[in-house]
Every structure is written in structure tokens, then in C-alpha cells.
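A.B. asks: what's the 3D shape of this:
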Amino acid sequence: RGKGSISLLCSIAGVTRKSYYDFLKKPGTDLTEPEIAELIRKYQEQTNYGSGYRNVAVWLRNVCGIQAGRNRILGIMEEYKLLSCVRRKKYTPEQYLARRKITENVPGNLLERHFSAAEPGKIYVCDITYIFGIGITKYLAVIEDLYNGEIAAWKTGFHPDQNLCIACLDILAGHRNVKGAVIHSDEGCSYLALDYRYRLLELGMIQSCSARGQCWDNAPMESFNGILKTECLYNRYGKSAVKNHRIPIEHIEKSVADFIVYYNTKRPKERLGGLSPVCYRTAQYPNYIDREADEGNNYGCSVSVAVI
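C.D. replies: Predicted coordinates:
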């Protein structure tokens, strides 16, 4: 300082005069990293180590007059163990990448609201709805055959997750040949989960998804959910009793199981000429193999799915 021309020295250093004078005006530039770390430590103690490096950088600039980039502050906090202890990342970077790829590669809507099929077992729709009991809420996953509206598989569980959806798929694949069949759902996270989509690939099924927020794109399942709750639960126990969780969950689940058997085998459907779904299928395709139907089972299970 005080020696030589500023312009000459700046040209030798390869910086402009403006940058040099801006540097002189910056407060706090003479603090060492240990001194900055000590300031950060006192601030973290005041906030119970609840501030991330971004907030710390802002505090240093506004309160202490220290101009330092976020990356430098992050490095100091890592070196002196001053990082905040909140909002840990839920997933690894690899998992975040996989989840982003899922959202970027959502299967298209193959049905386009054409809810019909020429043969049984070719196009399915599926959905998850809730059922209430005393002190508990369980979830019902259902798969419907669009050919005749038959409930081809169902399962209840404590969580509306991919495990419940996969278990319902396995029930379907256990009594029907599903290879090459289309299965349509909404864009719920359970249906876009990697494990669920991998299971579809293993079974040879083709996935189709509704547009987000368009319940009409899965109208047959929405219709069945309404029929189930009205004819099976509200008419039997009363709407307010069901909605206010006043019925034991065991009674609710048994009613659902009995109703699905009735819905498939006895309840007439106008579009099927007054026949039940199973009667219509057996009349039109007497040689179609459905092992569960032949054995008189109800295509489902109310055993809860274990969370892995």
C-alpha cells in the first residue's frame, strides 16, 4: 500500500481497478476460517443447530458484514462440525434419481376413456379406496375386468402402498393368465413405484395411467367404489355410522368380502343383459379358465400386507 501505481499493480495482478476497490470495501475479508467458524458456532448454539449453511451465509452477510459464498460457508461448517441436524435427506442420491426418472416416464393413457374389452382378461382397471372401522382405517385395493365388470382380485391392508398393489396383482396372476393384458390406474405413487412396475414387467402386463387429477379417466373403478360403499356399507350400517368409524373393522371387511361375491355372481347388470358378471362371462366364453371362479372362491384376501 502507498507504493506504486494502482493501475500498474492491477494490470500485473490481472484484475480491474473496480474489482480492487470493491475488494477494499468488503467488510470482514480479513477474518480467518477459525474466526468465522467461531461466529457460526455461537449462532448455531443460539438456534440449537437448526440453521443450514444457506441461512448461516445470509446471517454472516447481514449481521456480521462478512461476505462469503455459500460453498465456502458449507466447507467451514463441515470441517468444524457445525452442520444443522434437521431435515435429513430421506433418500440417497441414487434413489432420488430413480424417483425422478419415474415421474419423468409415466406410462400414457392407453384407454382414453374407452372402457370396454372384446374378451375377458385383456384389459383391467384398478384403484385403492379406504374402509373405516372403530379406531382404524384400512385400504382396499381392487382390480376389475373391463370385459364384464367382474372384480378379478382384491386385497385389504393397513397402508395404501406398493406392497398392497403388488399383493393384489399376485392374487390376480394366481388364477388368471395376465401376460399381455393391459392394467389401467391413476398416477398414484403406489402405482408408479419401481417395485410395482417391475412386477408388471415380470408378469408381462402393460401399464396404463390416467392423467393426473382426472378421475373420469378411471370411471369404472370410481363407480364400483361408490356402489360398494352405498350398497354394501351405508345401506347396511348407516352412512353416518360408517363415516364416523362406529362399526368394527372385522364386520366391515366381512361385509366387503360377501358383497364382492354377490357383485360378481348374483348382482344383475343392465349392460350385460341382466346377467351377473360371472354368468355373462361363462355364457360368452365357457372355455375361459379362471381357477378361482371354478372353485367358488372370492378372488381376494383380507389379510394385511406386511410393510417391508
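A.B. asks: which parts of the stretch 1-150 of the chain are helices?
C.D. replies: 6-13, 17-25, 33-46, 53-62, 70-79, 93-104 (DSSP state H, counting those that start in this stretch).
A.B. asks: in CSV, list the ones you listed along with distance to Asn148.
C.D. replies: Using the backbone N, CA and C atoms, a C-beta is placed for each residue, glycine as well. Output for these, formatted as CSV (distance: least, C-beta to C-beta, whole Å):
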stretch, distance to Asn148
helix 6-13, 83
helix 17-25, 77
helix 33-46, 65
helix 53-62, 58
helix 70-79, 61
helix 93-104, 33
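A.B. asks: now these in a markdown table, with distance to Ile289 and mean pLDDT?
C.D. replies: Formatted as a markdown table, these follow (distance: least, C-beta to C-beta, whole Å; pLDDT from 0 to 100):
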| stretch | distance to Ile289 | mean pLDDT |
| --- | --- | --- |
| helix 6-13 | 85 | 82 |
| helix 17-25 | 81 | 74 |
| helix 33-46 | 67 | 92 |
| helix 53-62 | 62 | 91 |
| helix 70-79 | 62 | 92 |
| helix 93-104 | 34 | 74 |
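A.B. asks: among the ones you listed, which is nearest Asn177?
C.D. replies: Closest of the helices of the stretch 1-150 of the chain to Asn177 is helix 93-104, at 27.7 Å (criterion: C-beta to C-beta).
A.B. asks: what packs against that closest one?
C.D. replies: For helix 93-104, the elements it packs on are helix 194-203, judged by 3 or more C-beta pairs under 8 Å, 6 or more residues apart in numbering; DSSP states H and E.
A.B. asks: dump the helix or strand just after the helix it packs on to PDB, restricted to CA.
C.D. replies: As assigned by DSSP states H and E, the chain's next helix or strand after helix 194-203 is strand 206-209. Provided in PDB are the C-alpha atoms of strand 206-209 (Å, rounded to 0.1, in the frame of the first residue of the first chain):
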ATOM      1  CA  ILE A 206     -48.800 -53.400 -19.900                       C
ATOM      2  CA  GLN A 207     -49.300 -50.400 -17.700                       C
ATOM      3  CA  SER A 208     -51.600 -47.500 -18.500                       C
ATOM      4  CA  CYS A 209     -52.100 -44.400 -16.300                       C
END
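A.B. asks: paired strands for strand 206-209, with orientation please.
C.D. replies: strand 182-185 (parallel) (DSSP bridges).
A.B. asks: quick check: buried residues in the helix or strand following the partner strand?
C.D. replies: Scanning forward in sequence from strand 182-185 by DSSP H and E, the next helix or strand is helix 189-192. Within helix 189-192, the residues scored as buried using 16 or more other C-beta atoms under 10 Å are 190-192.
A.B. asks: pretty sure Gly180 sits against Gly204.
C.D. replies: Yes. With contacts counted by C-beta atoms under 8 Å, Gly180 reaches Gly204, the gap being 6.0 Å.
A.B. asks: which among the helices of the stretch 1-150 of the chain is found nearest to Tyr285?
C.D. replies: helix 93-104 (36.3 Å).
A.B. asks: tell me who's in contact with Gln207.
C.D. replies: Going by C-beta atoms under 8 Å, 6 or more residues apart in numbering, Gln207 touches 107, 182-185, 191, 197, 200.
A.B. asks: how does it look with 6 Å?
C.D. replies: Residues counted as contacts of Gln207 (C-beta atoms under 6 Å, 6 or more residues apart in numbering) are 107, 200.
A.B. asks: let's have the buried residues of helix 189-192 in JSON lines, adding pLDDT and distance to Ala98.
C.D. replies: JSON lines is the format used below for the buried residues of helix 189-192 (pLDDT from 0 to 100; distance: C-beta to C-beta, whole Å):
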{"residue": "Ser190", "pLDDT": "92", "distance to Ala98": "16"}
{"residue": "Tyr191", "pLDDT": "93", "distance to Ala98": "16"}
{"residue": "Leu192", "pLDDT": "90", "distance to Ala98": "11"}
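A.B. asks: now the strands for the stretch 101-250 of the chain?
C.D. replies: Counting by DSSP state E, counting those that start in this stretch, the segments of the stretch 101-250 of the chain that form strands are 123-133, 136-145, 150-157, 182-185, 206-209.
A.B. asks: rewinding a little: quick check, nearest of the buried residues of helix 189-192 to Lys243?
C.D. replies: Nearest to Lys243 among these, counting by C-beta to C-beta, is Ser190 at 23.6 Å.
A.B. asks: which residues touch the closest one?
C.D. replies: Applying C-beta under 6 Å, 6+ apart, we find Ser190 in contact with 160-162, 165.
A.B. asks: looking at the helices of the stretch 1-150 of the chain, which is closest to Ser116?
C.D. replies: Each of those has some distance to Ser116 by C-beta to C-beta; the shortest is helix 93-104, at 29.4 Å.
A.B. asks: contacts for that closest one, please.
C.D. replies: Residues outside helix 93-104 that contact it (C-beta under 6 Å, 6+ apart): Leu192.
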